[in-house]
Every structure is written in structure tokens, then in C-alpha cells.
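Novice: need a structure here:
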Amino acid sequence: MVVRNPLAGFGLTILGTLGLSFLVGIPILFLPQRELTYFYFPFALFGVGVFSGRTTFLGSLGFIGGLLGGIAGVWLFQFLFLPAGWPMWPASLQVLMTLGFGAACGLGGAASGKLGLKRIERLTERAPKMRRCLKCGAKVGMSARKCWSCRSFLPPT
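Specialist: Numbers count the residues shown, from 1 in each chain. This next block holds a predicted model:
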């Protein structure tokens with residue numbers, strides 16, 4: 001298992017959430033009743049956040065990445081497909097609705113970002129065990145007799 005830079009995971013979370021939140025909004029255009037928009041969309045966006053948040057292993061980065069990507073994706077969807085605004089919602093409060101839908105993505109990203117910490121804990125448990133040299137502090141193997149850095153003898157294990 002490869003552990004990558006947390007900022008790379010953060011960027012992937014933003015991009016994934018942006019694209020998926022835009023795509024998840026398309027079925028809203030075909031719903032028979034406009035009220036179903038407010039039932040379907042938050043649950044779908046939470047799922048998008050969970051899916052996209054898996055690319056990061058910190059819950060806070062999953063939340064922020066999901067939030068930013070969700071807001072951008074929902075705003076882009078609204079700008080292209082719903083220029084008159086959200087159905088049955090006052091036009092002056094459109095920003096609040098977009099922020100609320102983005103927050104649903106952020107909560108999903110936080111939920112799955114927290115799960116990623118368990119992956120790292122498992123990775124470190126399975127890693128080969130190391131110990132430190134008493135003289136220079138370099139990491140050496142468990143069966144090493146001499147330090148590779150300062151060449152001093154190590155106590156037996």
C-alpha cells in the first residue's frame with residue numbers, strides 16, 4: 001500500500017467531488033415533482049462526498065475538500081441547468097441552498113476521511129520493526145549489530 005502526499009489527496013477530493021456532484025444533479029432535471037429535489041439531492045451529495053473523501057486519509061481534509069468541490073459542482077450545475085434558481089426557493093437565498101448542498105458533500109468527505117486513518121495504522125503495524133541507535137538516533141533493523149550511520153555497536157535485542 002502506498003501512502004501519498006496529503007495535499008495530493010486533498011486535490012483529488014476536490015476534483016472528484018466537483019465532477020461527481022455535477023453529474024449527480026442531472027437526474028433532478030427529470031424528477032416528476034420538484035419537491036423530490038430536496039429529498040434526493042442531499043443524500044446523493046453525501047454519497048458523493050463519501051466516495052470522493054476516500055482519496056484522502058485525514059477527516060478534516062476530506063471535509064474541506066468535499067465542501068469546496070461540492071459547492072463548486074453544485075454552483076456549476078445550478079448555473080448551467082437551473083438559471084432561474086432552485087425550485088420553490090426564494091431567489092434571494094440561492095447562495096444558502098448551494099452552501100447547504102455543498103455541506104452535505106463535506107460531511108460525506110469527513111465521514112470517509114476518518115476511515116482512512118485506520119488504513120495508515122494497519123500499514124504501520126505491518127511494517128518491518130525498527131529500533132534506533134543510542135548514539136546517533138538512526139533507525140536500524142532489529143537484527144543489526146552495528147549502526148549503519150555512526151558504525152557504533154548496538155546492544156543485543
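
Novice: With adjacent residues omitted, what lies nearest to Met130?
Specialist: Excluding its sequence neighbours, the residue lying closest to Met130 (Cβ to Cβ, 6 or more residues apart in numbering) is Lys139, at 4.6 Å. Heads up, the C-betas are built off the backbone N, CA and C, glycines and all.

Novice: hmm, I was thinking of Pro155
Specialist: In this structure, Pro155 finds its nearest non-sequential neighbour in Leu134, 7.3 Å apart by Cβ to Cβ, 6+ apart.

Novice: Any idea what the residue nearest to Met130 is bridged to?
Specialist: Taking DSSP bridges as the rule, Lys139 bridges to Arg132.

Novice: For it, give me the pLDDT.
Specialist: With respect to pLDDT, Lys139 has a value of 85.

Novice: Please apply the same query to Ser149.
Specialist: 84.

Novice: Same question for Arg119.
Specialist: Model confidence at Arg119, given as pLDDT, is 63.
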